[in-house]
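Peer 1: Based on what follows, work out the 3D shape:
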Amino acid sequence: MASSATSEYEAVSIDPVKALLAESGYEVADSGDVLTIRDVESGIVIRGVLEENILFLAVTCLVVSVDQVTLELMRRMLAADNGISTSGFQLYEQDAGRMAITLNNFCKLQTMGPEDHDDILSCVEFLVIDVLAARRLIGDLVGLG
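Peer 2: Numbering: from 1, shown residues only. Model prediction:
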């Protein structure tokens, strides 16, 4: 017996997400299943991927050398009072001894109704705000402040 959740997954696709963001003033492009979302005010670029009914969003805050990822930087990123309340940090190793520091967020979509529209727009807006705060938070520790 198929569950109702399965039919909700099938009802959600990336195209309505892309259309909503474009209608809301974001520059949106796609390459296959990945959306590139640009906030025109800040210039911040967000990558979005829809897997089943979960929209995953990520922004690269900084790319630094691996030796700049210190214990103090990690403490600051993980502190409960760091001002980053809606997104989570992740680290990704890159070539040539570099590390990308990203902020990530997600929202669960149902049937692309009004609540989903609010969730998507809120998730993107909170991520933009968190990235600006994160750059200030960790910038001085990696020589950008």
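Peer 1: Check which helices and strands the longest helix along the chain sits against.
Peer 2: In terms of residue count, the longest helix belonging to the chain (DSSP state H) is helix 114-139. Helices and strands touching helix 114-139, by 3 or more Cβ pairs under 8 Å, 6 or more residues apart in numbering; DSSP states H and E, are helix 14-23, strand 45-51, strand 54-65, helix 71-78, strand 98-108. Just so you know, the C-beta spots here come from the backbone N, C-alpha and C atoms, and that holds for glycine as well.
Peer 1: Quick check: buried residues in that helix?
Peer 2: Using 16 or more other Cβ atoms under 10 Å as the burial criterion, the residues of helix 114-139 that qualify are 116-117, 119-121, 123-124, 126-131, 133-135, 137-138.
Peer 1: Contact partners for residue 27?
Peer 2: 37, 38, 40 (Cβ atoms under 8 Å, 6 or more residues apart in numbering).
Peer 1: nearest residue to the first one other than its sequence neighbours?
Peer 2: Among residues not flanking residue 37 along the chain, residue 46 sits closest, at 4.3 Å (Cβ to Cβ, 6 or more residues apart in numbering).
Peer 1: Show the contacting residues for that neighbour.
Peer 2: Neighbouring residues of residue 46 by Cβ under 8 Å, 6+ apart: 36, 37, 38, 39, 57, 58, 59, 124, 127, 128.
Peer 1: Mind doing that once more with 6 Å?
Peer 2: By Cβ atoms under 6 Å, 6 or more residues apart in numbering, the residues touching residue 46 are 37, 57, 59.
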